[in-house]
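A.B. asks: Structure, please.
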Amino acid sequence: MTHLALIVGASGIVGSATTQLLLENGWQVAALSRNPARQEGVIPVAADLQDPASVTAALKDLKPTHVFITTWSRQATEAENIKVNSAMVRNVLDALRPAGSVNHVALVTGLKHYLGPFEAYGKGSLPQTPFREQQGRLDVENFYYAQEDEVFAAADKDGFTWSVHRPHTVTGVAVGNAMNMATTLAVYATVCKHTGRPFVFPGSRVQWDSLTDMTDARQLARQQLWAATTPAAANQAFNITNGDIFRWKWMWGRIAEYFGLEAADFPVSPAPLESQMADDQKVWSQIVAEHGLQEADIDRLISPWHTDADLGRPIEVVTDMSKSRLMGFNAYQASDQAFFDVFDKLRADRLIP
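C.D. replies: Residues are numbered from 1 along each chain as shown. Next comes the predicted model:
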């Protein structure tokens, strides 16, 4: 049977990794984004996910067997997040309904399922770590829950199976991505090296000292493919991380070593990246000119607010992977090497020197 995958959000970190993996496994792939890049072997689909007519027109002749929803749009409030992001999921699934071709829908959410949305992030009564899939929803409005409910309702109506994937912080390469820790840290390290500024950890003491984990976009893609092709995984939600754990006091040294820097001691006072990098466009322009780099706008590479949110958490965050492991998903990715692979790709693409 020929599989035709529709990747929703194909230009992002997760979408691009999923596209690449499916192509490597012989799938046909259609890539949907507002401005899809031309890629050999991929059907470009241009649509504004917030416009039902745009989505319907773009998908009217497409009959995908599998849909991978890997995107979201950040809004000013959680109420707006819910309204906009649930509608984007609904618009896609409504547009595909007439063809009746969909067998499976994979939805990527994340650990805010357990931690709460940005407005209530890490506050109130939280489940103990490690987070496990059987832990129920928090008693708080959350756009992840709204997205899930759209998938569940469409599955009941249309008869397809579904899977939900909950990564921790995702590493990968995608210019213009709103949540991109690996590229943010690469640019920060580059600026520190260029200026001689100390390479200071921007987060909390808890994150510095406690155990944590991460998710390589390629690892997330592997789990999505596994769930889409494993009958026992149908209609299940899965945590997804690389499979190792680390402390940031160790990882910070590993990243510093890659860039030829010395990791600074934990700072006496907070040093969030939003303040550290607030005026770094001028420095970045100098670096771009000196090294002939491809992206002059620093804001298309960095997301300090998101990196600060992740590294500034006052609580330990560790994710349990037993559910999918027991069902046969055994892929593994060392987290330090995941960072190094992103840095290597950024260098190869002339995004950092």
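
A.B. asks: just checking, residue 21 touches residue 218?
C.D. replies: Yes - applying CB atoms under 8 Å as the test, residue 21 and residue 218 come out as touching, 6.9 Å apart. Just so you know, the C-beta spots here come from the backbone N, C-alpha and C atoms, and that holds for glycine as well.

A.B. asks: what's the helix or strand for residue 224?
C.D. replies: Secondary structure here is read from DSSP states H and E; on that basis residue 224 sits in helix 217-229.

A.B. asks: For the next helix-or-strand element following that helix, output the C-alpha coordinates as PDB.
C.D. replies: The helix or strand immediately downstream of helix 217-229 is strand 236-240, counting by DSSP H and E. What follows is the C-alpha trace of strand 236-240 in PDB, where atoms were taken according to Å, rounded to 0.1, in the frame of the first residue of the first chain:
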ATOM      1  CA  GLN A 236      -2.800   6.400  22.300                       C
ATOM      2  CA  ALA A 237      -0.800   9.300  23.700                       C
ATOM      3  CA  PHE A 238       3.000   8.900  24.100                       C
ATOM      4  CA  ASN A 239       5.700  10.900  25.800                       C
ATOM      5  CA  ILE A 240       8.800  11.100  23.600                       C
END
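
A.B. asks: how about the helix or strand hosting residue 306: buried residues?
C.D. replies: Element membership of residue 306 [criterion: DSSP H and E] is helix 304-311. Of the residues in helix 304-311, those buried by neighbour count under the rule 16 or more other CB atoms under 10 Å are 304, 306, 307, 308, 309, 310, 311.

A.B. asks: what do you get for stretch 217-236?
C.D. replies: Neighbour counts over stretch 217-236 (16+ other CB under 10 Å) mark 217-228, 230, 233, 236 as buried.

A.B. asks: Just give me the closest of the residues you listed to residue 167.
C.D. replies: Distances from the buried residues of stretch 217-236 to residue 167 were compared by CB to CB; the smallest belongs to residue 220, at 5.1 Å.

A.B. asks: From what I see, that closest one and residue 167 are in contact.
C.D. replies: Yes - look at residue 220 against residue 167 with CB under 8 Å: they come within range, at 5.1 Å.

A.B. asks: so what sits against both of these two?
C.D. replies: Shared between the contact lists of residue 220 and residue 167 (criterion: CB atoms under 8 Å, 6 or more residues apart in numbering) are residues 14, 108, 240.

A.B. asks: quick check, distance from whichever helix or strand comes after the helix holding residue 306 to the centre of its chain.
C.D. replies: Downstream of helix 304-311, the first helix or strand assigned by DSSP H and E is helix 322-326. Between the centre of helix 322-326 and the centre of its chain there are 21 Å (CA atoms, centre = their mean, to the nearest Å).

A.B. asks: can I assume residue 175 is in contact with residue 351?
C.D. replies: Yes - counting by CB under 8 Å, residue 351 is a contact partner of residue 175 at 7.1 Å.
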